[in-house]
Every structure is written in C-alpha cells, then in structure tokens.
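Novice: Got a sequence here, can you build the structure:
(2 chains)
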Amino acid sequence: GESVGLHLPTLSVQEGDNSIINCAYSNSASDYFIWYKQESGKGPQFIIDIRSNMDKRQGQRVTVLLNKTVKHLSLQIAATQPGDSAVYFCAVNDYKLSFGAGTTVTVRA
Amino acid sequence: DTGVSQDPRHKITKRGQNVTFRCDPISEHNRLYWYRQTLGQGPEFLTYFQNEAQLEKSRLLSDRFSAERPKGSFSTLEIQRTEQGDSAMYLCASSFWADAKNIQYFGAGTRLSVL
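Specialist: Predicted coordinates for the structure are as follows:
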C-alpha cells in the first residue's frame, strides 16, 4: 500500500513568519494529494489539494508544491497566525486516504 | 450546520461490552468512510460505502467490527466485545463520488475509551 511520511514531527514558528511542512510519498503512481489541518478535539479539515499534473497550487495564505521526481510535497503557510497551531497531515487521495503521521505546528507569540 | 456529524462524541465502556457509533454525512454525499486514529498518528482507513453498498473493508477491521449504511444515508459502526486496543478516535468522512476531486470531509469523531 501507499506509504506517506512527514519529515518533521514538530515545527515551532514565530507568529508572522512563514511555515513550511514537508511530506514524502512512496508510490510514483500516486496522482492526487490533499493537505488537512486537525485542531485538538476536531476532525481533519481540508486545506488544499493538488493533482500530479500541477507543480504548485495556491490558496488563501497557503501554497502546496509538488515534486514528482523525488516524490515530495510541501505546504507553505504565509504569515503564520496563532490559529494555525494544529497538526497538519498530507494524504494521498486514491478513493481512500492514506495519511502520514502529521506535523504539529506551534505558533509562538 | 450541514457538515458531517458523529454521535456520541465520547464513549467510555468496559472491556467486553458492545458499542455503536453513528455518522450522519453531508446530505448530498454518496460515499461514506470510517477511519480510526490513535494518539500521534494519522487516521487509518477502515471501510467505506457507496450509497448503501460496503465496497471495501481494511484488514484492520476484525470480525468484531461491523458497519452498515442501510438506506444510503447515515451509517453505524459497531464494535462487539471491546478490547483495550480498540481505544481510539473513530472518524467518519463523506464525499461526493463522480466529483473528480472526491474530497473527503470529516466529522469531529467519536473518542472511545475501553477500560
């Protein structure tokens, strides 16, 4: 099956700085990826998605980059805010989701 | 609010008891998924339905687990003879298949504690 991993389990960032969360996947045939945010006591919340025919996709304050050559994707959060403190997951979307372990982002005031 | 709702939010039970969880998906969504999440880990796929048909069950879903979606709307997940290892967050998600994206939207989950 698909294996998805995140590079760092935790990330501490100063409020106002940019955050970068990295993720690697194992199956080169994977073609659709989603980033989710999970706050304490809540279910995962959709942030942004990207298909393999794209290298970059932008949303509100977030950008996802996909490097198919090295099977790597990243989520960039601009001007990180206290409300961005959460666990972030990348997932391969192949009718069912395969998640990595998550990166806990803590925003310092 | 028309998101995915799960009930109960928390369940504490004694080992050996049976428990049942309910999930109400977003109304126009035809696919419904169950995942299990343990502390510090990402959600793991358990099973999913398209309308009322259960299309796949993970090997994680032992014979003590059963899921139904009788009318293609809400779903229930039952665990019989609970064990301490069943303690986890059980998440439900729904999506609209035939939408090329098939983005899954999650409920808040049911946290199960088996004593």
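Novice: Tally up the residues packed near the closest residue to A:Leu8 other than its chain neighbours, please.
Specialist: Nearest residue to A:Leu8 in three dimensions, chain neighbours excluded: A:Thr103, at 5.7 Å (CB to CB, 6 or more residues apart in numbering or on different chains). For glycine as for every other residue, the C-beta is placed from the backbone atoms N, C-alpha and C. Number of residues near A:Thr103 (other CB atoms under 10 Å in any protein chain shown) recorded here: 22.
Novice: Contacts only, for A:Thr103.
Specialist: Neighbour list for A:Thr103: A:6-11, A:21, A:87-89 [criterion: CB atoms under 8 Å, 6 or more residues apart in numbering or on different chains].
Novice: export these to CSV and tack on secondary structure, distance to B:Ser75 and pLDDT?
Specialist: Converted to CSV, those look like this (DSSP: H, G, I helix; E, B strand; the rest coil; distance: CB to CB, whole Å; pLDDT from 0 to 100):
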residue, secondary structure, distance to B:Ser75, pLDDT
A:Leu6, strand, 30, 63
A:His7, coil, 35, 70
A:Leu8, coil, 35, 83
A:Pro9, coil, 32, 90
A:Thr10, strand, 34, 93
A:Leu11, strand, 35, 94
A:Ile21, strand, 32, 95
A:Val87, strand, 25, 97
A:Tyr88, strand, 27, 96
A:Phe89, strand, 23, 95
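Novice: on that earlier part again, is the residue nearest to A:Leu8 in a bridge, and if so with what?
Specialist: A:Tyr88 (DSSP bridges).
Novice: how close does it sit to chain B?
Specialist: Applying CB to the nearest CB, to the nearest Å, the value for A:Thr103 to chain B is 10 Å.
Novice: thinking again about what came up before, for the contacts of A:Thr103, pick the one with the most neighbours.
Specialist: In terms of neighbour count, A:Phe89 stands highest of these at 26 neighbours, by other CB under 10 Å.
Novice: Just confirm A:Ser98 contacts B:Pro43, I think it does.
Specialist: No - at 9.5 Å, A:Ser98 does not count as touching B:Pro43 under the criterion of CB atoms under 8 Å.
Novice: wait, what's in contact with the residue of chain B at minimum distance from chain A?
Specialist: As assessed by CB to the nearest CB, chain A sits closest to B:Gly42 within chain B, at 3.0 Å. Listed by CB under 8 Å, 6+ apart, the contact set of B:Gly42 reads A:4, A:89, A:91, A:99-102.
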